[in-house]
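Peer 1: How does the following fold in three dimensions:
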Amino acid sequence: MEFRLRRGSGVPAYQQIVQQIEQALRVGTLRLGDKLPTAREVVAATAVNPNTVLRAYQELQRAGLVESRQGLGTFVVRTLGRADSAADSGLREELEAWVASAREHGLEREDVLALAASVVDAQFPSPVTGEGK
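Peer 2: Have a look, this model is predicted:
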C-alpha cells in the first residue's frame, strides 16, 4: 500500500493515513487478513515521524479494523463498505470513464474531488444536519 500525504491540506498526517486505509478497506484494495506496511516502511516512504504511523494504526485498532500481532505486524480484521460489489457491477468502470472525461476537460484532481463530493453530499443525507436527499 502506498500512502500519499498532502502536507498543506490541514489534515494531520495520522488522519490521512487512517483515511487512506479506510478507503482501501472500502474499495477492496485491503482485505481480511492483509498485513499493513510496517511503521518503518511507512516512515521510509513518507518521511513522517514513526509516532504518527503508530497513532494511525492505534486509531484503526480502536475502531476494530486492524489487529497488532506481537512480532508479526498489523493485520486487517474487518473491512468496510460494499464498494467491491459496485466494482463487479460496472460502476467502477463508469466512474473511471467519468474521471478520465473530467481530466480531458481540464479539471485538476482537487476539482474532480470537489465536484464528486458536492454530488455525493447532495445524494446522501448528512448525519449531522440531515441535509441531502
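Peer 1: Convert stretch 4-15 to CSV, retaining C-alpha atoms only.
Peer 2: The C-alpha trace of stretch 4-15 is given here as CSV (Å, rounded to 0.1, in the frame of the first residue of the first chain):
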residue,chain,number,x,y,z
ARG,A,4,0.0,9.9,-0.4
LEU,A,5,0.3,12.6,2.3
ARG,A,6,-0.7,16.1,1.5
ARG,A,7,1.4,18.3,3.8
GLY,A,8,-0.5,21.6,3.1
SER,A,9,-4.0,20.1,3.4
GLY,A,10,-4.6,21.0,7.1
VAL,A,11,-5.4,17.3,7.8
PRO,A,12,-2.9,15.8,10.3
ALA,A,13,-0.7,13.1,8.7
TYR,A,14,-2.0,10.3,11.0
GLN,A,15,-5.6,11.1,9.9
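Peer 1: buried ones in it?
Peer 2: Neighbour-count burial for stretch 4-15, counted by 16 or more other Cβ atoms under 10 Å, picks out Leu5, Ala13, Tyr14. C-beta coordinates here come from the backbone N, C-alpha and C atoms, glycine included.
Peer 1: Do a quick rundown of the helices in the protein.
Peer 2: Along the chain, counting by DSSP state H, helices occupy 13-27, 39-46, 50-62, 83-88, 91-104, 109-123.
Peer 1: hang on, the earlier thing: ok, the buried residues of stretch 4-15 vs Glu41, which is closest?
Peer 2: Leu5 (14.1 Å; Cβ to Cβ).
Peer 1: tell me the contacts of the closest one?
Peer 2: By Cβ atoms under 8 Å, 6 or more residues apart in numbering, Leu5 lies in contact with Ala13, Gln16, Ile17, Thr46, Val48.
Peer 1: So which of those wins on neighbours?
Peer 2: Highest neighbour count within the contacts of Leu5: Ile17, with 24 neighbours (other Cβ atoms under 10 Å).
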